[in-house]
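Peer 1: show me how the following folds:
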Amino acid sequence: MKPYIRPMPATWWLKRTPYLIFMLRELTAVFVGAYAVIFLVMIRRLNEGQAAYESFMASLRSPLAILFHVVALMFAVFHTVTWFHLTPKAMAVRIGEERVKPAMLIVPNYLAWAAISAIVAWFILG
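Peer 2: Take a look at the predicted model:
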């Protein structure tokens, strides 16, 4: 007898919000990886000399490149926020018999993110 295999549409993950968020979070890896490749190309062009680097930087001023960077930033922020909210589920911290409240793990992540962002902004803008 042949086993029953339930048909699964390709859009199964669109039917429930948690699945959609999971798939979007996985999609963020594509944009982060593409951004890493662009960064590595930038370092290579910098190594090739000023003319190659300036040519590369000029190509990054195109509307398509700017759109890519905006989308990559949005996906990076989405990935970060969802990771911060997954931390209490991935890390069960206990004090004695009590499990630490999720906010005690999430809030320090946001504070560290804000502090590091401020330091980086100070170096770049200052």
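
Peer 1: all strands of this protein, in order?
Peer 2: Remark: strands of the chain, listed N- to C-terminal, are 94-95, 98-99; assignment by DSSP state E.

Peer 1: most tightly surrounded among the ones you listed?
Peer 2: Of the strands of the chain, the one with the most neighbours on average (mean count of other C-beta atoms under 10 Å) is strand 98-99, at a mean of 10. Glycine gets a C-beta too; all of them are placed from N, C-alpha and C.

Peer 1: what strands flank that strand, and is each parallel or antiparallel?
Peer 2: strand 94-95 (antiparallel) (DSSP bridges).

Peer 1: put together TSV for the strands of the chain, with distance to Glu48 on each row.
Peer 2: Rendered in TSV, the data for the strands of the chain read as follows (distance: least, C-beta to C-beta, whole Å):
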stretch	distance to Glu48
strand 94-95	53
strand 98-99	54
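
Peer 1: make JSON lines out of those strands and add mean pLDDT and distance to Ile38.
Peer 2: What follows is the strands of the chain, written out as JSON lines (pLDDT from 0 to 100; distance: least, C-beta to C-beta, whole Å):
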{"stretch": "strand 94-95", "mean pLDDT": "88", "distance to Ile38": "42"}
{"stretch": "strand 98-99", "mean pLDDT": "90", "distance to Ile38": "42"}
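
Peer 1: what does the lowest-mean-pLDDT helix or strand in the chain contact?
Peer 2: The helix or strand of the chain with the poorest confidence is strand 94-95; it has a mean of 88 (mean pLDDT, DSSP states H and E). Contacts to strand 94-95, defined as C-beta atoms under 8 Å, 6 or more residues apart in numbering, come from residues Val100.

Peer 1: rewinding a little: of the strands of the chain, which is nearest Trp12?
Peer 2: Trp12 sits nearest to strand 98-99 of all these, at 32.8 Å, using C-beta to C-beta.
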